[in-house]
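In: Turn this into a structure:
(2 chains)
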2 protein chains.
Amino acid sequence: MKTSALQVERAAYQPKLPKALQGAVKVQEGAPTQSVDDQEEIQKLFPHTYGMPLVEFVPGEHTESKRLNVGVILSGGQAPGGHNVISGLFDAVKKLNPENQLYGFLMGPGGLVEHHYVEITKDFLDPYRNTGGFDMIGSGRTKLEKEEQFEKGLEILKKLDIKALVIIGGDDSNTNACVLAEYYAAKEYGIQVIGCPKTIDGDLKNEQIETSFGFDTATKTYAELIGNIERDCNSARKYWHFIKVMGRSASHIALECALQTQPNICLISEEIQEKDQTLNEIVENIASVVAHRAHEGNNFGVVVIPEGLIEFIPAIGRLIGELNDLLAAHGADYKDLDKDAQRKYILEHLSEANRSTFETLPEDVARQLSLDRDPHGNVQVSLIETEKLLSNMVAAKLEQWKKEKKYDGKFSPLHHFFGYEGRCAAPSNFDADYCYALGTSAVQLIANGKTGYMAIVKNTTSCTDEWKAGGVPITMMMNMERRNGEMKPVIRKALVDLNGKPFKTLVEHREEWAKKTCYIYPGPIQYWGPSKVCDQTTKTLSLERE
Amino acid sequence: MKTSALQVERAAYQPKLPKALQGAVKVQEGAPTQSVDDQEEIQKLFPHTYGMPLVEFVPGEHTESKRLNVGVILSGGQAPGGHNVISGLFDAVKKLNPENQLYGFLMGPGGLVEHHYVEITKDFLDPYRNTGGFDMIGSGRTKLEKEEQFEKGLEILKKLDIKALVIIGGDDSNTNACVLAEYYAAKEYGIQVIGCPKTIDGDLKNEQIETSFGFDTATKTYAELIGNIERDCNSARKYWHFIKVMGRSASHIALECALQTQPNICLISEEIQEKDQTLNEIVENIASVVAHRAHEGNNFGVVVIPEGLIEFIPAIGRLIGELNDLLAAHGADYKDLDKDAQRKYILEHLSEANRSTFETLPEDVARQLSLDRDPHGNVQVSLIETEKLLSNMVAAKLEQWKKEKKYDGKFSPLHHFFGYEGRCAAPSNFDADYCYALGTSAVQLIANGKTGYMAIVKNTTSCTDEWKAGGVPITMMMNMERRNGEMKPVIRKALVDLNGKPFKTLVEHREEWAKKTCYIYPGPIQYWGPSKVCDQTTKTLSLERE
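Out: Residues are numbered from 1 along each chain as shown, chains lettered A, B, ... in the order given. Got it, this is the predicted structure:
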C-alpha cells in the first residue's frame, strides 16, 4: 500500500494517555444517576441499565490478567480519530491479556447482523494508527433496534466468544447501544455494550461529555478553508462568499469556525428559532450588512451558514415536522409517485398553515424537504442548498433597495459547502490523544463489568496527563422525543446554548466583525512544531471550560 | 490586528536564498534570444526588448550601494507567496541602499493608472511575511495595455522617483509588462519593467521557468481536500464524488492533484482535445468505470475534473471560439438584451455547425458560455458547473444501461469545486523560499539595468543553496495568438504536455487506479517537522526534472 509522506511519519506518533490510564486502574464509583428528563418513562424502558453510578478511573494495583474478546462497530458518519479509538481498544485489550482478541464488524452495525467481521491484529491495525477515516472496518447507518437484529448479532458474538461490544457513534447510535445493552442484560446473555461519543457535529455533549471526538479536527479543517477564502475575499475585494458548513441540526461547527475565523456574518440556527425569525428577516439582516459594507466601498464579505438552518426557521420547522410524520406514515406508496404527483400528494395532505409555507418556498427547496429521510427519519439537510437560497434572496432584496435608492453597490456571490472535506481528515494531536484515551477507557469499563455506559474523558483543556477518564451511564443522558412520528427514548442532543460563553462571545463581537474586516487565518492543522500551534484546543471547549 | 497562532509562529520563518543571491551578485549573460515563434512579428512589435540575452546571477564583489526606488503591482488572481515576493523585493532594495524606497500600487494595475499607492515600510511589511493572500496591497484585473494608461502611470512613477516597476502576474500580465517595458524604453523614459511568474494554474512555464509560484501550495491544499474526500469515500462506500479543480484552460492542477491522490478518474483537457473526444464519449468513459466498479460491489469513486474541460471538447471549443469573437464584436448592444433575447441573438448569428452544438447543450450551460468574458476576453470557466453536467449525463447513461441490463449498481453523486480554498493559502516552505528568491532576483535585474525581463529561479528540485537565479527576456516566451478576435503577441501558455513525464505517469497507472482503490491521503501542508513531509516538491516538478 502506497501512502503519503505525512502518513509514514505520522504513524510513529504515540498518543498520550491520562495518568490514570497509564498503568493499572481502579474504579471509583459515584452516586446513582437519573436521566435528564422523563425519569419514570426512561427507567421503565431501561430497568437493567437505569440509575447506575458515574465511574472514574484512578491508578490502582495490578490484578490478574483478564481473558476477554471484544467487538467494535463504527456507526454513522465519519469523524477524525475513529481509528485511534480502535488503536486504544486494541492496545488495552492486549495489555489485559495478550491472548485477548479484538474483532471489527464491517460497514457499521449491519456487519454485526450479517456476520461480516475481521479480526484486528497488530499488522492489520498498525497502518491505520493516527489516520483519518473509518476505512479500516468501514461504517454504516443501519439502525440497530430490532430484537431480531439483536438475536442475529448474538449468534456471531457467541461464536467469536465476544464478551463486550463497543459501538462508536453519535447520539442516535449510542441510544441504540443502550437499547442493546438493556436487551442483552435483560436476557442475561452476558454481553456488555459500551458506547463512544463520536461526531464532528459537536452535539453529543453534556455535563459528562466535554466534546465528541472529531469536532476538533473537522472544525480546524473547515476553519483552514474559511480562513483561506477570507484571505482571498480580502485580496480580490469583489465577492461575497456564502459558506455552508456541516453539523446537521446543531450550529456548533458554524459557531466554532466563526470564533476561529471572524467572518462578517455567522448565522446560528438556535438563535433564529429562539427569536422566531422568518426567512425574510434573516435575508434582510444579511442584506443590511452587505449594504453597510458597500456604503464604505467594501463590496465583499463572508457569511457562514449552518447546514441545519432551514429546519430552525420556525415556520419551516413546523412544515418539516409535519412532513416527517406524513412521510413516516405514508412513505411506501408516496415513494413510487413521480415528482409532480409527490408535490400534489403533499399539498393535499398538509395542514393549511404548513401548506401555505410549502407553497411559498422555491420549488426545488420544497422538493428537497419532501425527499429522502435518513434511516433515523431526519431530513438530509446537507442536500438543501441553503447557501444559494439565501444569496438569491439577498440579491433580490438588494435589487429592490437599489430601486428605492437605499443601496448602491455590487453584489457578486460565490457558494461553498464544506463537510466531506473534514470528516476524514487525519486527526489533530488532540483528537489522536482523546480517541486513544476513549478506547482505553472503554476497555477498562469492560474489564470492570460495566454495560450501558459510554466511555468518557474529562478535563480536556488541561495537559493530557491531567485528563480524567471514566464512564457515564447512557440512560443518564436520555429523555423522550418524537421520532418518525413516535415518542422514543433518546440521548438529548446538545444544541448551541444561547447562554453559553461561545455564543455570547460571538454576540459580543459580531457587529464589529460585520462592519470591519477582522478575518483570522488559522491555516492548516500542524502535527509538529510550536505547541501553541499544534496543541490548540477549540474555542468552544476553551470558552466553555474557562 | 489579531492573528492566528500559525501566523504568529510562521512570521519568524526566514526564507532561504540560493547561494548566488546570499551576498554580492555579478551578472553572467548568455547568447541573444529568439521568441518561441513568429520571430519576425514579435521583433517588429518589440524592437527595444527583443533578442536580449538570458541572465544568470553568480557570486560577485561588493559594489557601490545603488540608490533607486521601486514600485510593485500584484496583477490577476491570487497565488500563495505573493507577499514573499514583496518581502524579497523589500529586503533586497534596502540592502542595496537603506534609503531606497519600495512602493506598492493598490488593487492591481489600476493603482498605477489611478495613482493609488502605499509606501512599503518594515512595519507595514513585517506582519505579511510568509502569509498567503494579496491583501497587503490588493490585486486587480485591469489590463495595462493602452498608451494613455502608460502615460498616466508615468506621472506617478516620476513623482515618486521610481526607476523600476515589478509586475507580479500570470502570462497575460507579464505580456502586458513587456508591452509597457517596450513603451517606456522606446520613449526613453528611463523606467525599467520586470515581471514575476505568478499563477496557481501552472501554465506559465517553459525551458526557463520551471514552475510559477503558488502552484506548489495551491495543489497541496487541493490534494489535502481531495485526499480527505477519498478517505471519506472509501469509508462510506456509497458516493461518487465529482471534484472540479481550478486551473483555467490548462489541466496542470488536476494532473498534479491526481498524481498526489490517485483518484479513480482524472480528466485531462489537453488529451480530450488531442483525441477529438465528444462530450458523449467522455461520459461513456466515466460511466464504464462506474459500471466496472459497481460490478465488483464498489458503488463509490472519485473523479477529478479540470475547470477548463469544456473549452477543450473540440465541438464546444469551436463554439466558444466563435462566441468569443461574436461577443467581442457585438458586446455592447448584446449586453443590454434580456436572457431570451440574448439566446435568440446568438442563435441567429452563429454558424450552422456551432449553432447545432449550442442547441444540444443543456440551456444553463449554453447560457454560461454566452456570458461575462473576463477582461482578457476569456470565458469564465470556473462558473460553468461541469462537475454537475458530467454527473447528470453519467446518471442518464447508467439509467439507459440499467434498462439494457448492462449495469446494476447504485450511483449517488456528490459535487465539489475547489479553487478559492487554495489561492490564498499560507505558502509552503517551497513557495515561501521560491518567492523570496524571485523578489531578490527581480531587484538584481533592476540593479543591473535590465528591462522587459522576468525574474527566474531554476534548479528548484535541488536544495535551496543550489538554486540558480537570473532573468529571461519576456519576448523570448512570446508568439502571436488570437485574442478577443485579434492577433496579439502573447506569452505562450504551457498546456499539459502529452509527451511529458507527469501525464505519462498518469496514463501508466490510471487503469489500475480506476479499477482498484489506490487512494493516497497527503494531509495538510506542514511547515515544521520531518523534511520528507515539509519539503516535498510537486510530483509535476520532480517528474519533469527527473
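
In: Walk me through the domains of chain A.
Out: Under the assignment the TED database, the domains of chain A span A:27-210+A:427-483, A:215-423+A:499-544.

In: ok, for residue A:337, nearest residue in space, not its chain neighbours?
Out: Among residues not flanking residue A:337 along the chain, residue A:345 sits closest, at 6.1 Å (C-beta to C-beta, 6 or more residues apart in numbering or on different chains). The way it works is simple: take the backbone N, C-alpha and C, and place the C-beta from them, glycine included.

In: Run a quick check on that neighbour versus residue A:338, I expect a contact.
Out: No - at 10.3 Å, residue A:345 does not count as touching residue A:338 under the criterion of C-beta atoms under 8 Å.

In: So those two - more neighbours on which side?
Out: A count of neighbours by other C-beta atoms under 10 Å in any protein chain shown puts residue A:345 above the other of residue A:345 and residue A:338, at 16 against 8.

In: contacting residues for that one?
Out: Contact partners of residue A:345, counting by C-beta atoms under 8 Å, 6 or more residues apart in numbering or on different chains, are A:330, A:334, A:337.

In: Correct me if wrong, but the second one is in a helix.
Out: Which is residue A:334. Yes - assessed by DSSP: H, G, I helix; E, B strand; the rest coil, residue A:334 belongs to a helix.

In: What's the separation between the spatially closest residue to residue A:392 that is not a sequence neighbour and chain B?
Out: Nearest residue to residue A:392, sequence neighbours excluded (C-beta to C-beta, 6+ apart): residue A:362, at 7.9 Å. Separation of residue A:362 from chain B (C-beta to the nearest C-beta, to the nearest Å): 16 Å.

In: and residue A:362, how many neighbours?
Out: Residues within reach of residue A:362, counting by other C-beta under 10 Å, total 13.

In: try residue A:412
Out: Residue A:412: 13 neighbours (other C-beta under 10 Å).

In: and the stretch 51-200 of chain A, which residues reach chain B?
Out: A:77, A:78, A:107, A:131, A:132, A:133, A:134, A:135, A:138, A:139 (C-beta under 8 Å from any C-beta of the partner chain).

In: Neighbours of the first one, how many?
Out: Burial of residue A:77 is recorded as 27 neighbouring residues (other C-beta under 10 Å).

In: quick one: contacts for it?
Out: A:139, A:170, A:199, A:200, A:423, B:236.

In: Setting aside sequence neighbours, what's the nearest residue to the third one?
Out: Counting by C-beta to C-beta, 6+ apart, residue A:170 is the residue found nearest to residue A:199 once chain neighbours are left out, at 3.9 Å.

In: Enumerate every residue touching the one you found.
Out: Going by C-beta under 8 Å, 6+ apart, residue A:170 touches A:75, A:76, A:77, A:197, A:198, A:199, A:201, A:203, A:204, A:212.

In: I'd like to know how many residues surround residue A:65.
Out: Neighbours around residue A:65, by other C-beta under 10 Å: 12.

In: Provide the secondary structure category for it.
Out: On the three-state scheme (three-state DSSP), residue A:65 is labelled coil.

In: Leaving out chain neighbours, which residue sits closest to it?
Out: Using C-beta to C-beta, 6+ apart and skipping the chain neighbours, the partner closest in space to residue A:65 is residue A:97 (4.2 Å).
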